[in-house]
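Chemist: I'd like to go over a predicted model; first the sequence, then the structure.
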Amino acid sequence: MQLVFQCPTCDAANYVDVSDEQRNVRCSECDWHRDFAEADIEGDRPQRCLSCGSSDLWKQKDFPQGLGLMLVLIGATLSTIAWGYFEPLISLGILLVFAAFDLLLFVFMRDVLVCYRCRARHRKADLDEDHPRFNLEVAERYRQEEIRLKEMEQKQQPLPVTDHATEQSHD
């Protein structure tokens, strides 16, 4: 199995091959590491995120979302141009070609598990067919948690010290 994650300490992107012998995940840029228990992974099937330990994982296709959006925009644009030139058959043909290409990608692309908390991607894992897909409620819960943690960190940081004497001399 492969794990793609962002280091929580230095934000470096990491790509790690995980095996039965290796029971930890390390950052390639800094000294951060996380040891995971045998309960976190059963065979080649992760039960929890190997990067952060969260048990909330969702399944998606291993395809770049930006590239998918770009393909949709290109298909819609080409179809609109053909429609503008009063070529409805060509316009529909373009849409059908892009739909067929999308169907082929859906059928042949592998699934990955993505962590809601740290967005780590667990690739080439043995996945259950009934593993949950994306759940907006769970994603929103983690998004709100991240916002609250950032607000708490900002409140705990000391305010910058200003020299009132220099401020008054400039007035």
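Modeler: Perfect, thanks for sending it.

Chemist: State the number of residues packed around W32.
Modeler: For W32, the tally of surrounding residues (other CB atoms under 10 Å) stands at 15. Where you see a C-beta, it was placed from the backbone N, CA and C, and this is true even at glycine.

Chemist: looking at it, it is touching F5, isn't it?
Modeler: No - W32 lies out of contact with F5 (CB atoms under 8 Å); the separation is 10.4 Å.

Chemist: The protein: helices as residue ranges?
Modeler: With DSSP state H as the criterion, the chain has helices at 65-84, 88-108, 136-156, 164-170.

Chemist: For E38, which of these is the nearest?
Modeler: Nearest to E38, of all those, is helix 136-156, at 25.4 Å by CB to CB.

Chemist: Give me the mean pLDDT for the closest one.
Modeler: Taken as a whole, helix 136-156 has an average pLDDT of 92.

Chemist: buried residues in that helix?
Modeler: Using 16 or more other CB atoms under 10 Å as the test for burial, helix 136-156 gives Y142.

Chemist: Pull the residues that contact that helix.
Modeler: Identification of contacts with helix 136-156 by CB atoms under 8 Å, 6 or more residues apart in numbering yields D56, W58, Y116, R117.

Chemist: Kindly recompute the last result at 10 Å.
Modeler: Helix 136-156 has contacts (CB atoms under 10 Å, 6 or more residues apart in numbering) with S54, D56, L57, W58, C115, Y116, R117, C118, R119, P132, N135.

Chemist: What of stretch 66-75?
Modeler: K61, F63, P64, I94, L95, L96, V97, F98, A99, F101, D102, L105.

Chemist: Next one: the spatially most central residue of the chain from K155, what distance?
Modeler: When CA atoms, centre = their mean is applied to the chain, the residue found nearest the centroid is R119 (4.0 Å). As judged by CB to CB, to the nearest Å, R119 and K155 stand 25 Å apart.

Chemist: now R121
Modeler: 32 Å.

Chemist: One more: L50?
Modeler: Counting by CB to CB, the gap from L50 to K155 is 32 Å.

Chemist: I'd like to know which of the contacts of helix 136-156 is nearest to F36.
Modeler: Out of these, the member with the shortest distance to F36 (by CB to CB) is S54, at 11.7 Å.

Chemist: How many residues are close by the closest one?
Modeler: Using other CB under 10 Å, S54 has 14 other residues around it.

Chemist: isn't it right up against H122?
Modeler: No - at 11.7 Å, S54 does not count as touching H122 under the criterion of CB atoms under 10 Å.
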